[in-house]
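J.: Quick check, what structure comes out for this input:
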Amino acid sequence: MSPEQNAAAFAPESGRRYRVLVVEDEPLMRQIIRDLMRGEGYDVLEAPGAEIALSVFEREQIDLAIIDLNLGGGGNGLEVLKRIRDLDPEVMAIIVTAYASVESAVQALQQGAYDYITKPFANDHLKNQVHHALNAKTLFRENRFLRRELREKYRFESIIGKSDAIEQVFRIMEKVARTDSSVLITGESGTGKELVARAIHFSSERANGRFLPINCGALPENLLESELFGYKRGAFTGAMQDKVGLLKAADKGTIFFDEIGEMPLSLQVKLLRALQERECYPLGSNEPISFDVRVLCATNRNLEAEVKAGRFREELLYRINVITITLPPLRERKDDIPLLANHFLLKVEKSLGRTGMRFSKGAMRALINYQWRGNVRELENTVERAAILAETDVIHSHDLPDKLRLSTAAPPAEADDANFTLEDLEREHIRRVLAKVDGNKERAAQILGIHLSTLYRKMQRYRLEAAPADGPPAEAAKSA
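T.: The predicted structure follows:
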(Lines give C-alpha, C1' and ligand atoms only; values in the text may rest on other atoms or scores of the structure.)
Protein backbone atom coordinates (compact mmCIF):
# COMPACT_ATOMS: atom_id res chain seq x y z
CA MET A 1 0.00 0.00 0.00
CA SER A 2 1.37 3.41 -1.00
CA PRO A 3 1.83 6.28 1.52
CA GLU A 4 -1.02 8.12 -0.23
CA GLN A 5 -3.33 5.12 0.21
CA ASN A 6 -2.27 4.74 3.82
CA ALA A 7 -3.06 8.39 4.55
CA ALA A 8 -6.42 8.17 2.77
CA ALA A 9 -7.44 5.19 4.92
CA PHE A 10 -7.61 7.30 8.09
CA ALA A 11 -10.66 9.28 9.22
CA PRO A 12 -9.29 12.83 9.67
CA GLU A 13 -11.68 13.76 12.48
CA SER A 14 -10.48 10.92 14.74
CA GLY A 15 -7.12 9.73 13.41
CA ARG A 16 -8.34 6.11 13.31
CA ARG A 17 -8.68 3.96 10.20
CA TYR A 18 -11.96 4.05 8.35
CA ARG A 19 -14.16 1.03 9.18
CA VAL A 20 -15.91 -0.75 6.32
CA LEU A 21 -18.64 -3.32 6.91
CA VAL A 22 -19.07 -5.93 4.14
CA VAL A 23 -22.57 -7.45 4.13
CA GLU A 24 -22.46 -10.36 1.66
CA ASP A 25 -23.91 -13.89 1.92
CA GLU A 26 -21.57 -15.47 -0.66
CA PRO A 27 -18.32 -16.39 1.15
CA LEU A 28 -16.08 -16.04 -1.93
CA MET A 29 -17.45 -12.60 -2.86
CA ARG A 30 -17.24 -11.49 0.77
CA GLN A 31 -13.59 -12.52 0.84
CA ILE A 32 -12.83 -10.68 -2.43
CA ILE A 33 -14.36 -7.42 -1.18
CA ARG A 34 -12.72 -7.84 2.24
CA ASP A 35 -9.27 -8.29 0.69
CA LEU A 36 -9.80 -5.30 -1.65
CA MET A 37 -10.71 -3.04 1.28
CA ARG A 38 -7.89 -4.25 3.48
CA GLY A 39 -5.53 -3.65 0.58
CA GLU A 40 -6.64 0.01 0.68
CA GLY A 41 -5.79 0.23 4.38
CA TYR A 42 -9.32 0.14 5.82
CA ASP A 43 -10.40 -1.85 8.88
CA VAL A 44 -12.92 -4.41 7.58
CA LEU A 45 -15.76 -6.16 9.40
CA GLU A 46 -17.93 -8.86 7.81
CA ALA A 47 -21.53 -10.03 8.05
CA PRO A 48 -23.19 -12.84 6.02
CA GLY A 49 -26.73 -11.60 6.66
CA ALA A 50 -28.96 -8.78 7.87
CA GLU A 51 -29.22 -9.59 11.57
CA ILE A 52 -25.48 -10.08 12.04
CA ALA A 53 -24.85 -6.89 10.07
CA LEU A 54 -27.16 -4.89 12.35
CA SER A 55 -25.60 -6.46 15.43
CA VAL A 56 -22.12 -5.44 14.23
CA PHE A 57 -23.37 -1.98 13.32
CA GLU A 58 -24.81 -1.42 16.79
CA ARG A 59 -21.52 -2.46 18.46
CA GLU A 60 -19.00 -0.77 16.17
CA GLN A 61 -18.53 2.64 14.63
CA ILE A 62 -18.94 2.01 10.90
CA ASP A 63 -18.03 4.62 8.27
CA LEU A 64 -19.18 2.77 5.16
CA ALA A 65 -21.16 -0.38 4.40
CA ILE A 66 -20.95 -2.43 1.19
CA ILE A 67 -24.26 -4.30 1.04
CA ASP A 68 -25.36 -7.08 -1.30
CA LEU A 69 -28.90 -6.46 -2.52
CA ASN A 70 -30.01 -10.10 -2.27
CA LEU A 71 -28.77 -11.79 0.88
CA GLY A 72 -30.47 -15.13 0.23
CA GLY A 73 -31.91 -16.38 3.48
CA GLY A 74 -30.08 -13.66 5.33
CA GLY A 75 -32.44 -10.82 4.45
CA ASN A 76 -32.85 -7.97 1.99
CA GLY A 77 -30.05 -5.46 1.34
CA LEU A 78 -32.43 -2.50 1.02
CA GLU A 79 -33.89 -3.28 4.42
CA VAL A 80 -30.38 -3.41 5.89
CA LEU A 81 -29.64 -0.07 4.25
CA LYS A 82 -32.79 1.49 5.70
CA ARG A 83 -32.15 0.21 9.22
CA ILE A 84 -28.49 1.26 9.41
CA ARG A 85 -29.37 4.69 7.99
CA ASP A 86 -32.01 5.00 10.72
CA LEU A 87 -29.31 4.25 13.30
CA ASP A 88 -26.72 6.57 11.72
CA PRO A 89 -27.86 8.95 8.95
CA GLU A 90 -24.22 9.84 8.22
CA VAL A 91 -23.09 6.32 7.34
CA MET A 92 -22.15 5.87 3.68
CA ALA A 93 -23.43 2.81 1.84
CA ILE A 94 -22.84 1.15 -1.53
CA ILE A 95 -25.28 -1.45 -2.86
CA VAL A 96 -23.86 -4.27 -5.02
CA THR A 97 -25.99 -6.78 -6.91
CA ALA A 98 -25.95 -9.32 -9.74
CA TYR A 99 -29.68 -8.69 -10.31
CA ALA A 100 -29.77 -5.01 -11.21
CA SER A 101 -33.03 -3.26 -11.99
CA VAL A 102 -34.07 0.36 -12.38
CA GLU A 103 -36.58 -0.02 -9.57
CA SER A 104 -34.07 -1.36 -7.04
CA ALA A 105 -31.49 1.26 -8.07
CA VAL A 106 -33.98 4.07 -7.52
CA GLN A 107 -35.01 2.62 -4.16
CA ALA A 108 -31.40 2.33 -3.05
CA LEU A 109 -30.56 5.92 -3.96
CA GLN A 110 -33.79 7.21 -2.38
CA GLN A 111 -32.88 5.46 0.86
CA GLY A 112 -29.48 7.19 0.93
CA ALA A 113 -27.09 4.81 -0.84
CA TYR A 114 -24.05 6.60 -2.24
CA ASP A 115 -23.83 4.25 -5.27
CA TYR A 116 -25.35 1.17 -6.85
CA ILE A 117 -22.86 -1.22 -8.48
CA THR A 118 -23.65 -4.30 -10.56
CA LYS A 119 -21.76 -7.60 -10.42
CA PRO A 120 -19.36 -8.49 -11.82
CA PHE A 121 -17.63 -5.19 -11.08
CA ALA A 122 -14.12 -3.96 -11.80
CA ASN A 123 -12.03 -3.95 -8.61
CA ASP A 124 -10.72 -0.45 -9.31
CA HIS A 125 -14.25 0.84 -9.78
CA LEU A 126 -15.36 -0.40 -6.36
CA LYS A 127 -12.21 0.96 -4.70
CA ASN A 128 -12.68 4.35 -6.35
CA GLN A 129 -16.34 4.59 -5.31
CA VAL A 130 -15.48 3.70 -1.72
CA HIS A 131 -12.77 6.36 -1.76
CA HIS A 132 -15.17 8.97 -3.19
CA ALA A 133 -17.87 8.06 -0.68
CA LEU A 134 -15.52 8.46 2.29
CA ASN A 135 -14.27 11.77 0.89
CA ALA A 136 -17.88 12.94 0.63
CA LYS A 137 -18.45 11.89 4.24
CA THR A 138 -15.41 13.91 5.34
CA LEU A 139 -16.53 16.96 3.38
CA PHE A 140 -20.00 16.71 4.90
CA ARG A 141 -18.56 16.63 8.40
CA GLU A 142 -16.20 19.51 7.65
CA ASN A 143 -19.07 21.59 6.26
CA ARG A 144 -21.18 20.80 9.29
CA PHE A 145 -18.29 21.77 11.58
CA LEU A 146 -17.69 25.03 9.70
CA ARG A 147 -21.39 25.86 9.80
CA ARG A 148 -21.43 25.19 13.55
CA GLU A 149 -18.38 27.42 13.93
CA LEU A 150 -20.16 30.16 11.96
CA ARG A 151 -23.22 29.82 14.16
CA GLU A 152 -21.09 30.21 17.27
CA LYS A 153 -19.12 33.10 15.80
CA TYR A 154 -22.23 35.03 14.86
CA ARG A 155 -24.49 34.27 17.83
CA PHE A 156 -25.92 37.24 19.70
CA GLU A 157 -23.57 36.54 22.60
CA SER A 158 -20.58 37.07 20.30
CA ILE A 159 -21.56 40.73 19.78
CA ILE A 160 -19.66 42.59 22.45
CA GLY A 161 -21.44 45.19 24.53
CA LYS A 162 -23.15 45.79 27.87
CA SER A 163 -24.57 49.29 27.44
CA ASP A 164 -28.31 49.89 27.64
CA ALA A 165 -28.35 50.89 23.95
CA ILE A 166 -26.82 47.64 22.72
CA GLU A 167 -28.89 45.54 25.15
CA GLN A 168 -32.01 47.01 23.53
CA VAL A 169 -30.65 45.91 20.13
CA PHE A 170 -30.11 42.39 21.52
CA ARG A 171 -33.73 42.19 22.68
CA ILE A 172 -35.07 43.11 19.26
CA MET A 173 -32.67 40.72 17.50
CA GLU A 174 -33.79 37.80 19.66
CA LYS A 175 -37.42 38.46 18.73
CA VAL A 176 -36.96 38.93 14.99
CA ALA A 177 -34.62 35.92 14.64
CA ARG A 178 -37.57 33.63 15.42
CA THR A 179 -39.57 35.08 12.53
CA ASP A 180 -39.14 35.22 8.77
CA SER A 181 -39.90 38.94 8.56
CA SER A 182 -37.82 41.40 6.56
CA VAL A 183 -35.53 43.54 8.71
CA LEU A 184 -34.02 46.94 7.97
CA ILE A 185 -30.85 47.62 9.95
CA THR A 186 -29.96 51.29 10.15
CA GLY A 187 -26.96 53.07 11.58
CA GLU A 188 -23.83 54.97 10.72
CA SER A 189 -21.00 53.33 8.78
CA GLY A 190 -18.87 51.08 10.96
CA THR A 191 -21.52 50.29 13.58
CA GLY A 192 -21.66 46.57 12.70
CA LYS A 193 -24.79 46.28 10.56
CA GLU A 194 -23.57 43.18 8.68
CA LEU A 195 -22.53 41.52 11.95
CA VAL A 196 -26.08 41.99 13.25
CA ALA A 197 -27.51 40.61 9.98
CA ARG A 198 -25.32 37.52 10.21
CA ALA A 199 -26.30 36.99 13.86
CA ILE A 200 -29.99 37.12 12.93
CA HIS A 201 -29.48 34.61 10.11
CA PHE A 202 -27.43 32.12 12.13
CA SER A 203 -29.95 32.28 14.99
CA SER A 204 -32.94 31.68 12.70
CA GLU A 205 -34.66 28.66 11.20
CA ARG A 206 -32.73 29.39 7.99
CA ALA A 207 -29.32 28.91 9.60
CA ASN A 208 -28.66 25.80 7.50
CA GLY A 209 -29.17 27.85 4.35
CA ARG A 210 -26.74 30.32 2.84
CA PHE A 211 -26.17 33.90 3.95
CA LEU A 212 -25.36 35.92 0.84
CA PRO A 213 -24.43 39.61 1.20
CA ILE A 214 -24.40 42.06 -1.70
CA ASN A 215 -23.19 45.65 -1.51
CA CYS A 216 -25.62 47.70 -3.54
CA GLY A 217 -23.26 50.66 -3.75
CA ALA A 218 -20.20 48.75 -4.91
CA LEU A 219 -21.45 47.57 -8.32
CA PRO A 220 -22.67 49.45 -11.41
CA GLU A 221 -26.38 49.00 -12.21
CA ASN A 222 -26.01 46.49 -15.06
CA LEU A 223 -23.64 44.29 -13.08
CA LEU A 224 -25.77 44.52 -9.94
CA GLU A 225 -28.82 43.37 -11.91
CA SER A 226 -27.05 40.36 -13.40
CA GLU A 227 -25.66 39.42 -9.98
CA LEU A 228 -29.13 39.55 -8.42
CA PHE A 229 -31.19 37.82 -11.09
CA GLY A 230 -28.58 35.82 -13.01
CA TYR A 231 -28.46 35.46 -16.77
CA LYS A 232 -28.63 33.01 -19.64
CA ARG A 233 -25.76 32.25 -21.96
CA GLY A 234 -25.61 34.85 -24.73
CA ALA A 235 -27.74 37.40 -22.84
CA PHE A 236 -25.01 39.98 -23.40
CA THR A 237 -21.44 40.19 -24.65
CA GLY A 238 -19.26 38.06 -22.39
CA ALA A 239 -22.11 35.85 -21.09
CA MET A 240 -20.44 32.59 -22.08
CA GLN A 241 -22.55 30.37 -19.82
CA ASP A 242 -25.63 30.47 -17.60
CA LYS A 243 -25.20 32.12 -14.22
CA VAL A 244 -27.45 31.63 -11.19
CA GLY A 245 -28.42 34.92 -9.54
CA LEU A 246 -27.96 35.61 -5.84
CA LEU A 247 -31.71 35.54 -5.18
CA LYS A 248 -31.84 31.93 -6.36
CA ALA A 249 -28.45 31.01 -4.88
CA ALA A 250 -29.73 32.11 -1.45
CA ASP A 251 -32.82 29.87 -1.75
CA LYS A 252 -33.92 28.62 1.71
CA GLY A 253 -31.41 31.04 3.23
CA THR A 254 -30.93 34.79 3.66
CA ILE A 255 -29.92 37.56 1.28
CA PHE A 256 -28.45 40.72 2.79
CA PHE A 257 -28.68 43.97 0.83
CA ASP A 258 -25.98 46.20 2.27
CA GLU A 259 -26.41 49.94 1.59
CA ILE A 260 -29.80 49.32 -0.02
CA GLY A 261 -30.29 53.10 -0.25
CA GLU A 262 -27.68 53.26 -3.02
CA MET A 263 -29.56 50.90 -5.35
CA PRO A 264 -30.60 52.67 -8.60
CA LEU A 265 -34.31 53.51 -8.89
CA SER A 266 -34.84 51.43 -12.02
CA LEU A 267 -33.44 48.34 -10.31
CA GLN A 268 -35.52 49.01 -7.19
CA VAL A 269 -38.65 48.48 -9.31
CA LYS A 270 -37.41 45.10 -10.53
CA LEU A 271 -36.35 44.04 -7.04
CA LEU A 272 -39.74 45.03 -5.61
CA ARG A 273 -41.54 42.88 -8.16
CA ALA A 274 -39.22 39.94 -7.53
CA LEU A 275 -39.76 40.12 -3.76
CA GLN A 276 -43.53 40.42 -4.17
CA GLU A 277 -43.81 37.49 -6.59
CA ARG A 278 -40.98 35.43 -5.09
CA GLU A 279 -39.66 34.85 -8.58
CA CYS A 280 -37.30 36.61 -10.97
CA TYR A 281 -36.33 36.52 -14.64
CA PRO A 282 -32.66 35.92 -15.46
CA LEU A 283 -31.34 38.30 -18.10
CA GLY A 284 -32.04 36.86 -21.54
CA SER A 285 -34.79 34.51 -20.32
CA ASN A 286 -38.59 34.56 -20.48
CA GLU A 287 -38.89 31.78 -17.91
CA PRO A 288 -39.24 32.87 -14.26
CA ILE A 289 -37.19 31.24 -11.51
CA SER A 290 -38.80 30.95 -8.08
CA PHE A 291 -36.88 31.47 -4.84
CA ASP A 292 -37.52 31.40 -1.11
CA VAL A 293 -35.29 33.82 0.79
CA ARG A 294 -35.40 35.99 3.86
CA VAL A 295 -34.50 39.60 3.16
CA LEU A 296 -32.28 41.64 5.46
CA CYS A 297 -31.21 45.15 4.47
CA ALA A 298 -28.89 47.79 5.86
CA THR A 299 -28.40 51.47 5.21
CA ASN A 300 -26.68 54.51 6.67
CA ARG A 301 -29.20 56.78 4.94
CA ASN A 302 -32.57 58.08 6.08
CA LEU A 303 -34.74 56.16 3.63
CA GLU A 304 -37.89 58.11 4.47
CA ALA A 305 -36.05 61.27 3.47
CA GLU A 306 -34.81 59.48 0.35
CA VAL A 307 -38.43 58.62 -0.53
CA LYS A 308 -39.48 62.26 -0.19
CA ALA A 309 -36.54 63.29 -2.39
CA GLY A 310 -37.63 60.78 -5.04
CA ARG A 311 -34.50 58.64 -4.73
CA PHE A 312 -36.07 55.57 -3.14
CA ARG A 313 -39.28 53.69 -3.94
CA GLU A 314 -41.86 54.00 -1.18
CA GLU A 315 -43.33 50.56 -1.95
CA LEU A 316 -39.89 48.94 -1.62
CA LEU A 317 -39.34 50.66 1.72
CA TYR A 318 -42.60 49.16 3.02
CA ARG A 319 -41.55 45.75 1.71
CA ILE A 320 -38.13 45.67 3.41
CA ASN A 321 -38.99 47.64 6.56
CA VAL A 322 -41.23 45.27 8.49
CA ILE A 323 -38.89 45.49 11.49
CA THR A 324 -36.29 48.22 12.04
CA ILE A 325 -33.16 47.78 14.12
CA THR A 326 -31.22 51.00 14.73
CA LEU A 327 -27.61 50.54 15.80
CA PRO A 328 -26.33 53.28 18.10
CA PRO A 329 -23.06 55.02 17.21
CA LEU A 330 -20.10 54.11 19.39
CA ARG A 331 -20.01 57.58 20.99
CA GLU A 332 -23.44 56.79 22.48
CA ARG A 333 -22.33 53.49 24.03
CA LYS A 334 -19.14 54.49 25.82
CA ASP A 335 -19.59 51.71 28.39
CA ASP A 336 -18.79 49.25 25.60
CA ILE A 337 -15.51 50.85 24.53
CA PRO A 338 -13.25 49.12 27.13
CA LEU A 339 -14.72 45.71 26.27
CA LEU A 340 -14.40 46.29 22.54
CA ALA A 341 -10.90 47.75 22.77
CA ASN A 342 -9.58 44.80 24.75
CA HIS A 343 -11.36 42.33 22.48
CA PHE A 344 -9.60 43.86 19.49
CA LEU A 345 -6.30 43.89 21.40
CA LEU A 346 -6.59 40.14 21.98
CA LYS A 347 -7.08 39.65 18.24
CA VAL A 348 -4.03 41.75 17.41
CA GLU A 349 -1.96 39.90 20.02
CA LYS A 350 -2.65 36.61 18.27
CA SER A 351 -1.62 37.98 14.90
CA LEU A 352 1.56 39.50 16.36
CA GLY A 353 2.42 36.44 18.43
CA ARG A 354 2.47 38.49 21.64
CA THR A 355 0.80 38.12 25.03
CA GLY A 356 0.11 40.25 28.08
CA MET A 357 -0.58 43.54 26.30
CA ARG A 358 -2.83 46.07 28.04
CA PHE A 359 -3.97 49.68 28.03
CA SER A 360 -2.89 52.25 30.55
CA LYS A 361 -5.66 54.19 32.23
CA GLY A 362 -4.70 57.31 30.28
CA ALA A 363 -4.90 55.46 26.95
CA MET A 364 -8.25 53.93 27.87
CA ARG A 365 -9.55 57.34 28.91
CA ALA A 366 -8.55 58.71 25.50
CA LEU A 367 -10.37 55.86 23.76
CA ILE A 368 -13.52 56.43 25.84
CA ASN A 369 -13.59 60.21 25.35
CA TYR A 370 -13.03 60.21 21.58
CA GLN A 371 -16.09 60.73 19.36
CA TRP A 372 -15.43 57.81 16.94
CA ARG A 373 -16.97 59.07 13.72
CA GLY A 374 -15.94 55.77 12.14
CA ASN A 375 -17.50 53.83 15.03
CA VAL A 376 -16.45 50.25 15.86
CA ARG A 377 -14.48 49.85 12.64
CA GLU A 378 -12.38 52.92 13.44
CA LEU A 379 -11.80 51.70 17.00
CA GLU A 380 -10.55 48.33 15.74
CA ASN A 381 -8.12 50.00 13.32
CA THR A 382 -6.89 52.33 16.07
CA VAL A 383 -6.22 49.46 18.48
CA GLU A 384 -4.35 47.51 15.80
CA ARG A 385 -2.16 50.55 14.99
CA ALA A 386 -1.41 51.22 18.66
CA ALA A 387 -0.51 47.59 19.39
CA ILE A 388 1.90 47.48 16.45
CA LEU A 389 3.62 50.77 17.37
CA ALA A 390 3.75 50.26 21.15
CA GLU A 391 7.31 49.66 22.37
CA THR A 392 6.18 47.86 25.55
CA ASP A 393 3.32 45.61 26.55
CA VAL A 394 1.51 48.65 27.94
CA ILE A 395 -0.22 50.87 25.37
CA HIS A 396 0.06 54.49 26.54
CA SER A 397 -1.78 57.52 25.22
CA HIS A 398 1.29 58.59 23.24
CA ASP A 399 0.92 55.34 21.23
CA LEU A 400 -2.47 56.53 19.99
CA PRO A 401 -3.07 58.81 16.99
CA ASP A 402 -2.73 62.54 17.67
CA LYS A 403 -6.43 63.17 17.06
CA LEU A 404 -7.32 61.00 20.05
CA ARG A 405 -4.85 62.62 22.40
CA LEU A 406 -5.81 66.15 21.31
CA SER A 407 -9.50 65.44 21.86
CA THR A 408 -8.90 64.23 25.42
CA ALA A 409 -8.68 66.57 28.37
CA ALA A 410 -6.83 63.99 30.44
CA PRO A 411 -3.64 64.98 32.33
CA PRO A 412 -0.51 64.28 30.25
CA ALA A 413 1.30 62.35 32.94
CA GLU A 414 0.25 58.75 33.29
CA ALA A 415 3.22 57.04 34.89
CA ASP A 416 1.24 56.31 38.06
CA ASP A 417 -1.99 55.45 36.27
CA ALA A 418 -3.66 52.14 37.03
CA ASN A 419 -3.77 49.76 34.08
CA PHE A 420 -6.73 48.02 32.50
CA THR A 421 -5.35 44.52 32.09
CA LEU A 422 -6.59 41.92 29.66
CA GLU A 423 -7.13 39.64 32.65
CA ASP A 424 -9.60 42.16 34.10
CA LEU A 425 -11.53 42.31 30.87
CA GLU A 426 -11.36 38.55 30.33
CA ARG A 427 -12.79 37.99 33.80
CA GLU A 428 -15.62 40.40 33.11
CA HIS A 429 -16.30 38.89 29.67
CA ILE A 430 -16.46 35.35 31.08
CA ARG A 431 -18.76 36.54 33.89
CA ARG A 432 -21.14 38.16 31.39
CA VAL A 433 -21.21 35.11 29.08
CA LEU A 434 -21.99 32.84 32.05
CA ALA A 435 -24.77 35.20 33.03
CA LYS A 436 -26.23 35.23 29.50
CA VAL A 437 -26.44 31.42 29.42
CA ASP A 438 -27.77 31.12 32.98
CA GLY A 439 -24.60 29.48 34.24
CA ASN A 440 -24.49 26.71 31.61
CA LYS A 441 -20.74 26.12 31.55
CA GLU A 442 -20.72 23.90 28.43
CA ARG A 443 -22.62 26.56 26.48
CA ALA A 444 -20.37 29.31 27.84
CA ALA A 445 -17.24 27.39 26.81
CA GLN A 446 -18.63 27.04 23.25
CA ILE A 447 -19.33 30.78 23.01
CA LEU A 448 -15.91 31.67 24.41
CA GLY A 449 -14.22 29.24 22.02
CA ILE A 450 -12.37 27.34 24.78
CA HIS A 451 -12.48 23.83 26.20
CA LEU A 452 -14.72 23.22 29.19
CA SER A 453 -11.69 22.32 31.33
CA THR A 454 -10.08 25.65 30.39
CA LEU A 455 -13.23 27.47 31.46
CA TYR A 456 -13.17 25.72 34.84
CA ARG A 457 -9.54 26.74 35.34
CA LYS A 458 -10.27 30.35 34.45
CA MET A 459 -13.30 30.43 36.75
CA GLN A 460 -11.17 29.11 39.59
CA ARG A 461 -8.37 31.58 38.77
CA TYR A 462 -10.74 34.56 38.69
CA ARG A 463 -12.90 33.20 41.54
CA LEU A 464 -15.96 33.31 39.32
CA GLU A 465 -19.31 31.70 39.79
CA ALA A 466 -22.10 31.63 37.22
CA ALA A 467 -23.47 34.96 38.40
CA PRO A 468 -26.96 36.13 37.43
CA ALA A 469 -27.21 38.66 34.62
CA ASP A 470 -27.92 41.48 37.07
CA GLY A 471 -25.17 40.49 39.48
CA PRO A 472 -22.52 42.91 40.71
CA PRO A 473 -20.06 43.97 37.99
CA ALA A 474 -16.40 43.06 38.16
CA GLU A 475 -13.86 45.64 39.28
CA ALA A 476 -12.74 46.25 35.70
CA ALA A 477 -16.24 47.26 34.70
CA LYS A 478 -16.45 49.61 37.66
CA SER A 479 -13.14 51.22 36.82
CA ALA A 480 -14.12 51.67 33.16
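J.: can you pull the contacts of residue 378?
T.: Residue 378 is in contact with 190, 330, 372, counting by C-beta atoms under 8 Å, 6 or more residues apart in numbering. (Each C-beta comes from the backbone N, C-alpha and C, glycine too.)
J.: ok, now which ones touch the residue nearest to the last one when sequence neighbours are not counted?
T.: In this case it means residue 372. Counting by C-beta to C-beta, 6 or more residues apart in numbering, residue 372 lies nearest to residue 330, which is 4.2 Å off, once chain neighbours are set aside. Contact analysis of residue 330 by C-beta under 8 Å, 6+ apart lists 190-191, 336-337, 340, 372, 375-376, 378-379.
J.: Looking at those residues, which are in helices?
T.: Secondary structure from DSSP state H places 337, 340, 375-376, 378-379 of the contacts of residue 330 in helices.
J.: Please state the offset of stretch 274-281 from the chain centre?
T.: Relative to the centre of its chain, stretch 274-281 is centred 27 Å away, using C-alpha atoms, centre = their mean, to the nearest Å.
J.: I'd like the average pLDDT over that stretch.
T.: The pLDDT scores in stretch 274-281 average 94.
J.: Next: stretch 433-445.
T.: On average, stretch 433-445 scores 82.
J.: now do the same end-to-end measure for that stretch.
T.: End-to-end distance for stretch 433-445: 9 Å, by C-alpha to C-alpha, to the nearest Å.
J.: What count of nearby residues applies to residue 318?
T.: For residue 318, the tally of surrounding residues (other C-beta atoms under 10 Å) stands at 12.
J.: same thing with the one 10 residues further on?
T.: Residues contacting residue 328 under the criterion other C-beta under 10 Å number 19.
J.: ok, residue 79 - contacts?
T.: Here residue 79 is in contact with residue 50 (C-beta under 8 Å, 6+ apart).
J.: what helix or strand is it on?
T.: helix 77-87 (DSSP states H and E).
J.: can you tell me the average pLDDT over that helix?
T.: 88.
J.: cool, stretch 194-206 as well?
T.: Stretch 194-206 shows a mean pLDDT of 90.
J.: from the contacts of residue 378, which is closest to residue 391?
T.: Of all the contacts of residue 378, residue 391 sits closest to residue 372, with 25.3 Å by C-beta to C-beta.
J.: how many neighbours does that closest one have?
T.: 24.
J.: how far away is it from residue 161?
T.: 14 Å (C-beta to C-beta, to the nearest Å).
J.: Ok, residue 345 next?
T.: For residue 345, the distance to residue 161 - C-beta to C-beta - is 16 Å.
J.: Please apply the same query to residue 433.
T.: 13 Å.
J.: Show the backbone phi and psi for residue 243.
T.: The phi/psi pair for residue 243 (degrees, to the nearest 10) reads phi -130, psi 130.
J.: okay but it is in contact with residue 234, surely?
T.: No - with contact defined as C-beta atoms under 8 Å, residue 243 and residue 234 do not form a contacting pair (11.7 Å).
J.: Looking at these two now, which is surrounded by more residues?
T.: residue 243 (18 against 12).
J.: for the more buried one, which residues make a bridge with it?
T.: Beta-bridge partners recorded for residue 243 (DSSP bridges): residue 231.
J.: tell me the contacts of it?
T.: 226, 230-231, 282.
J.: can we see that at 10 Å?
T.: 226-227, 229-233, 235, 249, 282-283 (C-beta atoms under 10 Å, 6 or more residues apart in numbering).
J.: for residue 343, same thing?
T.: 160, 336, 379-380, 383, 422, 425-426, 429.
J.: Distance to residue 288 and pLDDT for those residues - can I get that in JSON lines?
T.: Output for the contacts of residue 343, formatted as JSON lines (distance: C-beta to C-beta, whole Å; pLDDT from 0 to 100):
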{"residue": "160", "distance to residue 288": "43", "pLDDT": "80"}
{"residue": "336", "distance to residue 288": "46", "pLDDT": "90"}
{"residue": "379", "distance to residue 288": "46", "pLDDT": "94"}
{"residue": "380", "distance to residue 288": "43", "pLDDT": "93"}
{"residue": "383", "distance to residue 288": "49", "pLDDT": "95"}
{"residue": "422", "distance to residue 288": "55", "pLDDT": "62"}
{"residue": "425", "distance to residue 288": "53", "pLDDT": "71"}
{"residue": "426", "distance to residue 288": "53", "pLDDT": "74"}
{"residue": "429", "distance to residue 288": "49", "pLDDT": "78"}
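J.: Give me the buried subset of these.
T.: 160, 336, 379-380, 383, 422, 425-426, 429 (16 or more other C-beta atoms under 10 Å).
J.: Domain-wise, how is this protein divided?
T.: Here the domain parsing of the chain from automatic domain parsing is 3-147, 154-328, 334-414, 423-479.
J.: Would you confirm that residue 288 contacts residue 282?
T.: Yes - shown here, residue 288 and residue 282 form a contact pair, counting by C-beta atoms under 10 Å, at 8.9 Å.
J.: of these two, who's got more company?
T.: Shown here are residue 288 and residue 282; by other C-beta under 10 Å, residue 282 has more neighbours (22 against 13).
J.: How about the contacts made by the nearest residue to the more buried one once chain neighbours are set aside?
T.: Spatially, and ignoring its direct neighbours in sequence, residue 282 is nearest to residue 230 (4.1 Å; C-beta to C-beta, 6+ apart). Residues in contact with residue 230, defined by C-beta under 10 Å, 6+ apart, are 242-249, 280-285, 289.
J.: secondary structure class for residue 185?
T.: Following DSSP: H, G, I helix; E, B strand; the rest coil, residue 185 is assigned to strand.
J.: where are the low-confidence patches of the stretch 101-250 of the chain?
T.: Residue ranges of the stretch 101-250 of the chain with pLDDT under 70: 140-158.
J.: ranges for the helices of it?
T.: 102-110, 123-153, 164-177, 193-202, 221-229, 246-249 (DSSP state H, counting those that start in this stretch).
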